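Chemist: no sequence on hand, only this structure:
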């Protein structure tokens with residue numbers, strides 16, 4: 001019992017340690033079907049002030065780099081039909097570029113991990129304009145019914161009224177409660193308009209149109225806002241229904257509130273901002289959030305023709321049970337902050353600067369596609385050796401899981417934190433998941449061959465990571481949890497931990513804790529608890545060298561009873577070893593593992 005407790009403690013510390021799509025890699029062919037879009041442009045001219053443009057309609061991607069645009073465009077109060085063609089490019093990591101000369105439009109940004117939304121801007125350009133284009137993939141055609149929209153949504157918006165040198169601005173954020181499935185809703189918004197805080201409270205109404213878009217009428221606004229929703233109705237983008245003679249230009253973003261939201265992972269963020277000190281600016285780039293309230297940013301800013309790169313650290317207030325979010329501004333960019341909410345199963349957040357009357361900002365973030373960077377032995381952290389059936393491994397990357405979670409029982413689950421890992425097409429048992437690291441067991445039935453690892457995040461599969469599956473991949477767990485230094489050994493006599501102050505002695509039996517010894521007899525189901533009577537022994541030959549000396553045939557080499565994927569080797573320390581921190585090497589099926597240190601006394 002002492003041995004099991006001690007091993008559980010050490011292994012638990014290791015497996016809970018955090019560190020730093022689709023079935024095929026993303027490409028132009030990944031974008032298919034129509035997207036509802038909203039575009040806002042702010043053109044600056046020193047002599048004539050500002051000119052504003054808003055457009056809405058449909059983007060139709062042809063999966064081959066061409067995009068068709070259909071809709072309406074409002075240029076300084078003059079409404080026209082918008083029809084044109086352009087080009088796009090989508091990289092394997094989700095970077096998106098769109099160009100449409102008829103608008104004219106040239107933006108860059110990212111697709112969401114599930115391709116349900118696009119966030120783009122010209123933040124990285126040196127143009128004397130600010131362009132923001134948001135889009136949501138349209139759901140398959142279905143009968144129009146208010147029942148298609150229900151629940152509670154976070155809403156953020158930024159509105160510009162009139163053109164010229166003195167436009168009037170508004171920003172707002174809050175909640176649209178109780179879309180009731182019958183066309184009614186309740187609105188609670190905090191807005192700032194023309195230097196005054198103005199709460200917006202009351203009853204609203206909505207109508208679902210035949211194309212799946214939604215007309216939302218807010219209290220205090222005569223014209224409805226037309227939204228395009230993602231197929232799961234988790235996110236919507238919209239603008240006030242365009243009409244001639246109306247010189248109002250706005251963008252609205254909504255995301256459905258979901259319980260137990262956690263801001264944790266990589267997001268593409270876009271800020272459309274106006275302040276008295278900076279004027280109009282657009283900021284966009286990568287943001288990495290951790291569950292302890294910390295954030296790091298790599299951003300580009302277009303400050304009306306002047307492009308700068310901004311990187312830094314910031315914080316956010318803990319997400320409460322309702323999903324409310326407060327983002328703090330960066331030290332060198334205080335505008336990058338606001339209040340809002342995290343929704344759509346933690347995949348989308350929206351925020352605005354209201355009720356702050358010194359700036360008028362809209363901020364939106366979408367979870368980016370999963371990126372699998374490497375798969376390593378969970379004990380040695382070797383990325384060059386092959387993986388092996390039954391071994392514990394760690395996978396590193398971005399957006400590998402929706403949230404941080406740890407398996408609480410055996411057998412291990414194959415879905416945890418919204419994530420599934422497939423090795424050679426077989427679902428792997430999961431011990432620990434987070435957006436940046438996964439710890440798991442290689443299924444025993446994965447064939448010995450070249451194969452791939454993919455991540456399935458909430459049903460969406462990433463691009464593949466090539467790996468090699470070999471018969472064995474031995475790695476000794478270490479006290480430092482990084483594969484270096486002293487290994488994890490127990491004294492066979494009392495199951496106490498071997499350390500420099502409690503070293504091993506020549507001739508005594510020690511227990512070595514490893515992974516990657518390969519297949520076992522009798523066979524054990526992947527993710528299941530290892531038996532104790534009889535224990536499951538390694539099918540391959542296993543040997544240990546201590547201080548350069550052969551330790552002889554192990555008394556036991558196989559799965560540690562009571563665990564999944566953890567192997568145990570019982571071996572005697574050779575009598576002729578030199579005292580000190582001496583090297584220990586495990587070899588299985590002819591594959592030699594990484595050298596670790598064993599403290600030995602005279």
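Modeler: Cool, got the structure. No experiment lies behind these values; they were computed from the predicted model shown. Numbering: from 1, shown residues only.
Chemist: from the contact counts, what lies against the helix or strand containing residue 131?
Modeler: Using DSSP states H and E, residue 131 maps to strand 129-137. Strand 129-137 is packed against strand 33-45, strand 105-111, strand 117-121, strand 225-229, strand 235-240, strand 248-256, strand 265-275, strand 279-290, with contacts defined by 3 or more CB pairs under 8 Å, 6 or more residues apart in numbering; DSSP states H and E. All C-beta atoms are positioned from the backbone trio N, CA, C, and that covers glycine.
Chemist: quick check: angle from it to strand 248-256?
Modeler: 40 degrees (axes from the mean of the first three to the mean of the last three CA atoms, to 10 degrees).
Chemist: adjacent strands (with direction) for strand 129-137?
Modeler: Sheet pairing for strand 129-137, assigned by DSSP bridges, gives strand 33-45 (antiparallel), strand 117-121 (antiparallel).
Chemist: ok, now which ones touch the residue positioned nearest the centre of the chain?
Modeler: Geometric centre of the chain, nearest residue: residue 399, 2.7 Å, by CA atoms, centre = their mean. Shown in contact with residue 399 (CB atoms under 8 Å, 6 or more residues apart in numbering): 113, 265, 266, 367, 368, 369, 370, 371, 435, 457.
Chemist: next, format these as CSV and append pLDDT, distance to residue 476 and neighbour count.
Modeler: As requested, the contacts of residue 399 are exported to CSV (pLDDT from 0 to 100; distance: CB to CB, whole Å; neighbours: other CB atoms under 10 Å):
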residue, pLDDT, distance to residue 476, neighbour count
113, 92, 36, 29
265, 94, 32, 27
266, 95, 32, 22
367, 95, 36, 27
368, 94, 36, 24
369, 92, 35, 28
370, 92, 30, 27
371, 91, 30, 20
435, 95, 28, 31
457, 90, 32, 24
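Chemist: closest to residue 248 out of the residues you listed?
Modeler: residue 367 (31.1 Å; CB to CB).
Chemist: for residue 148, grab phi and psi.
Modeler: Note on residue 148: its backbone torsions stand at phi -70, psi -20 [degrees, to the nearest 10].
Chemist: kindly report the same for residue 64.
Modeler: The phi/psi pair for residue 64 (degrees, to the nearest 10) is phi -140, psi 20.
Chemist: swap in residue 328?
Modeler: Torsion angles, degrees, to the nearest 10, at residue 328: phi -90, psi 150.
Chemist: rounded mean pLDDT for the strand holding residue 131, please.
Modeler: On average, the pLDDT along strand 129-137 is 95.
Chemist: what's the first helix or strand after that strand?
Modeler: Remark: after strand 129-137, the chain's next helix or strand is strand 150-161, criterion DSSP H and E.
Chemist: what's the angle from the helix or strand just after that next one to strand 150-161?
Modeler: Sequence order places strand 168-180 as the next helix or strand after strand 150-161, per DSSP H and E. Using the same axes, to 10 degrees, the direction of strand 168-180 lies 170 degrees away from that of strand 150-161.
Chemist: can you name the element that comes right after strand 168-180?
Modeler: Criterion used, DSSP H and E; the element after strand 168-180 is strand 184-193.
Chemist: among the helices and strands packed on strand 129-137, which comes closest to residue 302?
Modeler: The minimum distance between residue 302 and the helices and strands packed on strand 129-137 falls on strand 279-290, with 4.8 Å, by CB to CB.
Chemist: which element follows the closest one toward the C-terminus?
Modeler: Using DSSP H and E, the first helix or strand after strand 279-290 is strand 294-302.
Chemist: neighbouring contacts of that next one?
Modeler: With CB under 8 Å, 6+ apart, strand 294-302 has contacts from 121-127, 130, 269, 281-289, 307-316, 327, 330, 333, 336.
Chemist: if I pick residue 540, what's in contact with it?
Modeler: 471, 472, 517, 518, 519, 588, 589.
Chemist: phi, psi for it please.
Modeler: With angles defined as degrees, to the nearest 10, residue 540 sits at phi -90, psi 160.
Chemist: ok, it to residue 364 distance?
Modeler: 53 Å (CB to CB, to the nearest Å).
Chemist: isn't residue 254 up against residue 350?
Modeler: Yes. Judged on CB atoms under 8 Å, residue 254 makes contact with residue 350 at a distance of 7.0 Å.
Chemist: now do the shared contacts for those two.
Modeler: Counting by CB under 8 Å, 6+ apart, the common neighbours of residue 254 and residue 350 are 154, 155, 156.
Chemist: the first one bridge partners, please.
Modeler: The residues listed as beta-bridge partners of residue 154 by DSSP bridges are residue 175, residue 255.
Chemist: any idea how far residue 566 is from residue 572?
Modeler: Distance, residue 572 to residue 566, by CB to CB: 21 Å.
Chemist: quick one: buried residues of stretch 521-537?
Modeler: For stretch 521-537, the neighbour count (16 or more other CB atoms under 10 Å) marks 524, 526, 527, 528, 529, 530, 535, 536, 537 as buried.
Chemist: swap in stretch 353-360?
Modeler: 353, 354, 355, 356, 357, 359, 360.
Chemist: which of the contacts of residue 540 tops the neighbour count?
Modeler: residue 517 (32 neighbours; other CB atoms under 10 Å).
Chemist: that one sits in which helix or strand?
Modeler: Using DSSP H and E, no helix or strand contains residue 517.
Chemist: pLDDT score assigned to it?
Modeler: 98.
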